[in-house]
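>>> just to be clear, the model below is a prediction. Sequence and coordinates:
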Amino acid sequence: DVKVTQSSRYLVKRTGEKVFLECVQDMDHENMFWYRQDPGLGLRLIYFSYDVKMKEKGDIPEGYSVSREKKERFSLILESASTNQTSMYLCASSLASGSGDEQFFGPGTRLTVL
Amino acid sequence: DQQVKQNSPSLSVQEGRISILNCDYTNSMFDYFLWYKKYPAEGPTFLISISSIKDKNEDGRFTVFLNKSAKHLSLHIVPSQPGDSAVYFCAASAGGGTSYGKLTFGQGTILTVHP
């Protein structure tokens, strides 16, 4: 059974703080993704990674960075948190690079920036 | 530029009736479409998918229809059950060596099934 875990379910941070969101998958998937979910906007891709140390910008990368030092772990970093980064953050992974591969999601981290 | 659109933010249906969720897309390169279901405080879970070479795929109570000429797909749930109440996301992917399995999601539709 595929499992994607995220380090925190709920997080409250102050404006300007550096924030780390961690994601771990246990199925040896090549691809990993970070999304944010906002009401009325759906899921928007922030960054993704197709291999260790490889990363690609998604649709809304501004204000974020990522790190993938190990295949199973993909971190999202908010260098200086701002209130407009208050959101639900979802991590996902998928096995291969073909079209139509199902992505498996973690439970999400609800981040509030005050 | 929203390439995948779900124009109905919400849908309310009576238990036992059919639920029809709609999705439109603009990118002709999309060749695979997926539906995800999301409960509050949980991550989305995969529901059903369809390749662009098909026009219908069925799995139990769930059927997805694809109309390529209209760039439109729909998810039918028959019969609807209260446990189906969730947010439903339509997603699409484009093939090719650099796609890396990227999905483009719609805004989501909140389905409420009343007992």
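Done, it's in. Numbers count the residues shown, from 1 in each chain, chains lettered A, B, ... in the order given.

>>> what sits against the residue lying closest to A:K71 once chain neighbours are set aside?
Take A:K71 and drop its neighbours on the chain: the residue closest to it by C-beta to C-beta, 6 or more residues apart in numbering or on different chains is A:V52, 5.4 Å away. All C-beta spots, glycine's among them, are computed from the backbone N, C-alpha and C. Taking C-beta atoms under 8 Å, 6 or more residues apart in numbering or on different chains, we find A:V52 in contact with A:R68, A:E69, A:K70, A:K71.

>>> go with 10 Å
A:E30, A:R68, A:E69, A:K70, A:K71, A:E72, A:R73, A:F74 (C-beta atoms under 10 Å, 6 or more residues apart in numbering or on different chains).

>>> repeat for A:F104
When contacts are counted by C-beta under 10 Å, 6+ apart, A:F104 touches A:1-4, A:25, A:27, A:29, A:91-95, B:43-46.

>>> now the most centrally placed residue in chain A: how far from A:S80?
Against the mean C-alpha coordinate of chain A, by C-alpha atoms, centre = their mean, the closest residue is A:W34 at 2.6 Å. Applying C-beta to C-beta, to the nearest Å, the value for A:W34 to A:S80 is 17 Å.

>>> name the helices or strands packed onto the longest strand anywhere in chain A?
Longest strand of chain A, by residue count under DSSP state E: strand A:42-51. Judged by 3 or more C-beta pairs under 10 Å, 6 or more residues apart in numbering or on different chains; DSSP states H and E, strand A:42-51 is in contact with strand A:31-38, strand A:54-57, strand A:64-70, strand A:73-78, strand A:87-94, strand B:86-94, strand B:104-105.

>>> lovely, talk soon.
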